[in-house]
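Engineer: Sharing a sequence plus its predicted fold:
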Protein chains: 2
Amino acid sequence: MSSSKPKASTKSYHHGDLRSALIQAARAVLYEEGTSKLSLRAAARHAGVSHAAAYHHFKDKTSLIAAIAVEAFNELQAKRNKAYLQEDLTKLKRIQKMAEVYIEFALENPQEFRLMFLPEFRREDVLTDVEKAGRQSHLQMIELVTALQEEGTFIEGNPESIAINLWATFHGLATLMLDGPLFRNAKTQEGSTALITSAISHLFYGLVK
Amino acid sequence: MSSSKPKASTKSYHHGDLRSALIQAARAVLYEEGTSKLSLRAAARHAGVSHAAAYHHFKDKTSLIAAIAVEAFNELQAKRNKAYLQEDLTKLKRIQKMAEVYIEFALENPQEFRLMFLPEFRREDVLTDVEKAGRQSHLQMIELVTALQEEGTFIEGNPESIAINLWATFHGLATLMLDGPLFRNAKTQEGSTALITSAISHLFYGLVK
DNA sequence: ATATAATCTAACCAATGTCAAGTTCTAAAC
DNA sequence: GTTTAGAACTTGACATTGGTTAGATTATAT
């Protein structure tokens, strides 16, 4: 929660770290009032500053939302690394773990997760900040796949293509559980892990006899 | 494009089929002005009627959007049936075809596709119209899986779980191609079909050697 | 002829994004 | 230690837009 550099004074005219306070505030609004109520003004209100203060930290409304997405991507990555380092697992189990972390994150932070994949954050010509923030995980997954190929566990083939396949499965499950027909299954822990486990197993060992 | 029952007179006071005209108008606005500009007023404007006229056909703004989602689900289903009936394919190829149709629909109708999976259209307690409209495809897929199990092609196991897995793969690919890191791959026909083909093949035959 | 559905005009009100101009604090220069 | 420049905020105002309701008006259908 608390960041490192700035001294967040409690009551001074200058906030100390309004930028990240606004991001937090915006996230809170997202949950307390819903996506449609998220506005620069609402975030400012929630952070206890004037409605125009945000313009010293964000170019416009979209920038604030992008900042939320970036922060969320970073949190996901952190969570991923934590799981990755903590556990002493086979590489195969590691992949399962990645899926669990991904979906858990989506279910625990649904509003942020949706923002992470808004179309306005992708541009043909340039890599946006949001894209950059998401890129790391992708590369990490490719590495893992490559390692699995080298140790002879996985089939040959373009590792990126396989990584994409894995991600698509995670992502598809996550989104269907969040906003699709699987949202009822996602209400219980058992329901969701069952879905994950069977999906991973199918993908690992195939559907065709 | 033109529906069956009502006579869409061109210039009378009574429109004839304003309801579906508004849906069409709203879809047009979606593409011409973007999601954020979609409003009841904009739809009415585009349909050439007064801004209050919509209230005789839709309870509120959300209902109009829901109607778009329902219509889109129906179109997807129709497209699916068409592909399903036309082609004389093995059941396995049929699944590949379903994936292609699904993703093609998403890429050709990105705006509608996004609306089809808005969280506000799912409720814990009741089946919403949008949900009902999406349900058919799901059942169809389960049937197909069951058939594949019976003919001994697919592994045993809960057919629904397998169908979910397939859907998640399609859906994950579609969403990542639309609003995720794969959106650059989706720009060309070859790029997208390559992704689909390899994903299906991986899922059919497994990633583990 | 009459009831009623479909449409229109008008108006209200609540928001929001954004800019402009003034204030208050911080920090660096002297 | 004082001055001073500039950054961080505030208040106020503008223009836009949108959802929604109320009360006519016009067409359709019985």
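Structural biologist: On my side now, so go ahead.

Engineer: Buried residues in stretch A:184-199, which are they?
Structural biologist: For stretch A:184-199, the neighbour count (16 or more other Cβ atoms under 10 Å in any protein chain shown) marks A:Asn185, A:Ala186, A:Ser192, A:Leu195, A:Ile196, A:Ser198, A:Ala199 as buried. Bear in mind the C-beta positions are built from the backbone N, C-alpha and C, glycine included.

Engineer: Show me what the lengthiest helix in chain A is packed up against.
Structural biologist: In chain A, taking DSSP state H as the definition, the longest helix is helix A:61-86. Applying 3 or more Cβ pairs under 8 Å, 6 or more residues apart in numbering or on different chains; DSSP states H and E, we find helix A:61-86 packed against helix A:18-32, helix A:40-47, helix A:91-108, helix A:110-116, helix A:129-150.

Engineer: Mind picking the two most distant members of the buried residues of stretch A:184-199?
Structural biologist: A:Ala186 and A:Ser198 (14.3 Å; Cβ to Cβ).

Engineer: can the host helix or strand of A:Thr169 be found next to chain B?
Structural biologist: Using DSSP states H and E, A:Thr169 falls within helix A:159-179. Yes: on the criterion Cβ under 8 Å from any Cβ of the partner chain, helix A:159-179 is in touch with chain B at A:161-162, A:164-165, A:167-173, A:175-176, A:178-179.

Engineer: what residues does the very next helix or strand once past that helix touch?
Structural biologist: Where DSSP H and E defines the elements, the next helix or strand beyond helix A:159-179 is helix A:189-205. Applying Cβ atoms under 8 Å, 6 or more residues apart in numbering or on different chains, the set of residues contacting helix A:189-205 from outside is A:92, A:95-96, A:99-100, A:103, A:107, A:165-166, A:169, A:173, A:177, A:182, A:184-186, B:157-158, B:161-162, B:164-165, B:168, B:202-203, B:206-208.

Engineer: Return only those of these found close to DNA strand D.
Structural biologist: With Cβ under 7 Å from any atom of the strand as the criterion, the contacts of helix A:189-205 include none near DNA strand D.

Engineer: Pop the domain breakdown of chain A in here.
Structural biologist: Following automatic domain parsing, chain A resolves into domains at A:18-56, A:69-205.

Engineer: what comes up buried for stretch A:64-81?
Structural biologist: For stretch A:64-81, by 16+ other Cβ under 10 Å, it's A:64-73, A:76-77, A:79-80.

Engineer: if we can go back for a sec, with mean pLDDT added, can I get the domains of chain A in a markdown table?
Structural biologist: What follows is those, written out as a markdown table (pLDDT from 0 to 100):
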| stretch | mean pLDDT |
| --- | --- |
| domain A:18-56 | 97 |
| domain A:69-205 | 95 |
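
Engineer: out of these, nearest to B:Gly48?
Structural biologist: Per Cβ to Cβ, nearest to B:Gly48 of the domains of chain A: domain A:18-56, 27.7 Å.

Engineer: Can you give me the end-to-end span of that closest one?
Structural biologist: Its start and end residues considered, domain A:18-56 measures 9 Å (Cα to Cα, to the nearest Å).

Engineer: ok and the residue in chain A nearest chain B?
Structural biologist: Ranked by Cβ to the nearest Cβ, the top residue of chain A for proximity to chain B is A:Gly172, at 2.6 Å.

Engineer: Tell me how many other residues surround A:Asn158.
Structural biologist: Neighbour count for A:Asn158, taken as other Cβ atoms under 10 Å in any protein chain shown: 13.

Engineer: Need phi/psi at it.
Structural biologist: phi -50, psi 120 (degrees, to the nearest 10).

Engineer: And it, how close does it get to B:Val126?
Structural biologist: Separation of A:Asn158 from B:Val126 (Cβ to Cβ, to the nearest Å): 45 Å.
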